[in-house]
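Novice: Everything below, folded, please.
(one chain, ligands or ions: 1)
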Amino acid sequence: MEKKCSMSRFAVGIVLTAALSATYACQQDKPASSEMRSLTSLNSAVAAENTTAAAMTGQELYTANCAVCHSMRPPAKTAPPVVGLASRFRTVYGNKSDAVDAMVSFMKNPDAGKSALGPQAIKRFGLMPAMAMSDGDLEKVSGWLWDQYDPDFDTGGGGNCR
Ligand code: HEC
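Specialist: This is a model prediction of the structure:
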């Protein structure tokens with residue numbers, strides 16, 4: 001009696017396993033398309049994120065890429081504050097388009113030789129690391145930086161920005 005009982009449980013087990021693997025096999029046939037579908041939606045999520053990045057304002061680009069080192073105003077973090085930079089670039093370049101070109105060129109490939117701040121700032125803060133950003137974003141954040149000029153924080157061309 002006992003034996004029969006466990007035998008039939010065994011048999012049920014086999015049937016169940018077979019049924020389960022049949023279901024599994026069935027699902028195995030399909031996933032290609034559903035996997036494709038989730039890949040496609042992943043791709044569009046990534047594309048949407050890229051679009052968002054492209055649509056970031058100068059202020060948002062600053063917050064995301066520059067604020068860790070550049071405070072808006074004194075006291076300085078590990079780099080000259082933005083209002084000091086805006087003041088310095090006005091003094092050195094006099095117009096927005098030349099200043100933006102200089103900032104973009106500097107940020108792509110920082111070089112003491114093309115610094116608008118000069119050796120004292122670089123001695124104090126060290127040379128800025130290159131920014132891995134698109135030209136468009138670099139131009140946008142530079143234009144935004146130029147616009148942050150505040151006469152109350154005019155450094156008179158001193159540029160080191162306390
Ligand atoms: C890891 C820290 C760090 C980050 C991040 C950073 N900077 Fe700087 N930046 C510095 C330091 C340090 C200096 C001062 C020394 C120098 O000029 O290289 C500087 C200098 C500058 C200058 C003056 C360059 C010159 O003529 O000497 C500009 C303009 C500037 N940063 C803009 C930005 C902008 C815009 C961002 C964000 C897209 C940014 N920085 C991100 C550290 C940083």
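
Novice: Mean confidence (pLDDT) on stretch 105-118, please.
Specialist: Stretch 105-118 carries an average pLDDT of 96.

Novice: who touches that stretch?
Specialist: 80, 85, 88-89, 92-93, 102, 119, 121-122, 127-131, 133, 138, 142, 159-160 (C-beta atoms under 8 Å, 6 or more residues apart in numbering). In short, each C-beta sits where N, CA and C put it, glycine included.

Novice: Buried ones among the residues you listed?
Specialist: Of the members of those, the ones counted as buried by neighbours, 16 or more other C-beta atoms under 10 Å, are 80, 85, 88-89, 92-93, 102, 121, 128, 131, 133, 138, 142, 159-160.

Novice: shaky segments in this protein?
Specialist: The chain contains residues with pLDDT under 70 at 1-54, 155-162.

Novice: you'd agree residue 150 is up against residue 83?
Specialist: Yes: between residue 150 and residue 83 there is a contact under C-beta atoms under 8 Å: 5.0 Å.

Novice: Pick out whichever of these two has more residues nearby.
Specialist: residue 83 (23 against 13; other C-beta atoms under 10 Å).

Novice: Please name the nearest non-neighbouring residue to the more buried one.
Specialist: Closest residue to residue 83 apart from its sequence neighbours, by C-beta to C-beta, 6 or more residues apart in numbering: residue 153 at 4.0 Å.

Novice: mind checking how far that neighbour is from residue 73?
Specialist: Separation of residue 153 from residue 73 (C-beta to C-beta, to the nearest Å): 6 Å.

Novice: Tell me which of those two has more neighbours.
Specialist: Set side by side, residue 153 and residue 73 show more neighbours around residue 153, with 18 against 15, by other C-beta under 10 Å.

Novice: show me the contacts for that one.
Specialist: Counted by C-beta under 8 Å, 6+ apart, residue 153 has contacts 73-74, 83-84, 87.

Novice: for residue 138, same thing?
Specialist: Counting by C-beta under 8 Å, 6+ apart, residue 138 makes contact with 103-104, 107-108, 131.

Novice: again, but for residue 149
Specialist: Residue 149 makes contact with 83, 86-87, 90, according to C-beta under 8 Å, 6+ apart.

Novice: Having no further points to raise, I will conclude here.
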